[in-house]
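**Student:** missing the sequence, but the structure's below:
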Ligand code: PNS
């Protein structure tokens with residue numbers, strides 16, 4: 001049996017376009033059991049994100065400023081190589097529903113094949129956030145729905161600024 005590391009570093013990767021309270025709940029819980037949690041914001045221009053990688057990372061930094069063992073960074077290329085470069089032995093991913101599982105399992109197995117020394121750890125989203133996704137949040141706010149409680153207030157404002165700038169949105 002291997003020796004349990006005392007200094008556990010984990011990477012929490014994602015697009016975070018934008019962050020939701022589901023992501024933040026996971027960060028809070030994960031930061032409680034690792035020594036250092038690196039939030040890796042994917043530089044995924046091909047997905048045509050609403051916010052640039054710098055904007056997404058800045059919002060994330062603002063949202064996690066209160067956690068002293070959480071840092072925010074961006075990456076492109078292979079996730080496992082990024083994790084290795086950060087000296088991380090864990091990749092943390094959140095699972096909301098069974099529908100997430102298949103894709104996540106595939107990625108975890110591929111990542112294990114690429115780097116067997118890096119383990120993927122799945123955390124269950126809390127019930128309150130099990131239906132929240134960045135994609136749905138963007139769709140609902142675009143269509144005039146209320147996203148209060150699903151994202152931090154400053155993120156809601158950033159979404160309104162980005163989506164409704166031309167309408168001089170007042171909130
Ligand atoms: O928030 P997302 O979009 O669900 O996050 C997906 C992410 C960043 C975990 C995934 O796209 C990823 O790992 N991208 C990096 C490229 C890579 O390593 N691909 C092979 C994964 S098996």
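**Tutor:** Alright, I've got the coordinates. None of the values given here were measured: they were computed from a predicted structure. Residues are numbered from 1 along each chain as shown.
**Student:** where does the spatially most central residue of the chain land on pLDDT?
**Tutor:** Using CA atoms, centre = their mean, the residue of the chain that lies closest to the mean C-alpha position is residue 14, 4.2 Å off. We have a pLDDT of 97 for residue 14.
**Student:** for residue 64, same thing?
**Tutor:** Per-residue pLDDT puts residue 64 at 98.
**Student:** how far away is it from the ligand?
**Tutor:** From residue 64 over to the ligand the distance is 16 Å, taken as CB to the nearest ligand atom, to the nearest Å. Where C-beta positions appear, they are placed from N, C-alpha and C, glycine not excepted.
**Student:** swap in residue 88?
**Tutor:** From residue 88 across to the ligand, the span is 13 Å (CB to the nearest ligand atom).
**Student:** and the lengthiest helix in the chain, what does it pack against?
**Tutor:** For the chain, the helix that runs over the most residues, judged by DSSP state H, is helix 98-114. The contact analysis (3 or more CB pairs under 8 Å, 6 or more residues apart in numbering; DSSP states H and E) places helix 98-114 against helix 79-85, strand 90-95, strand 119-124.
**Student:** avg pLDDT for that helix?
**Tutor:** What helix 98-114 shows for mean pLDDT is 96.
**Student:** contacting residues around it?
**Tutor:** Contacts to helix 98-114, defined as CB atoms under 8 Å, 6 or more residues apart in numbering, come from residues 78, 79, 80, 91, 93, 94, 95, 118, 119, 120, 122.
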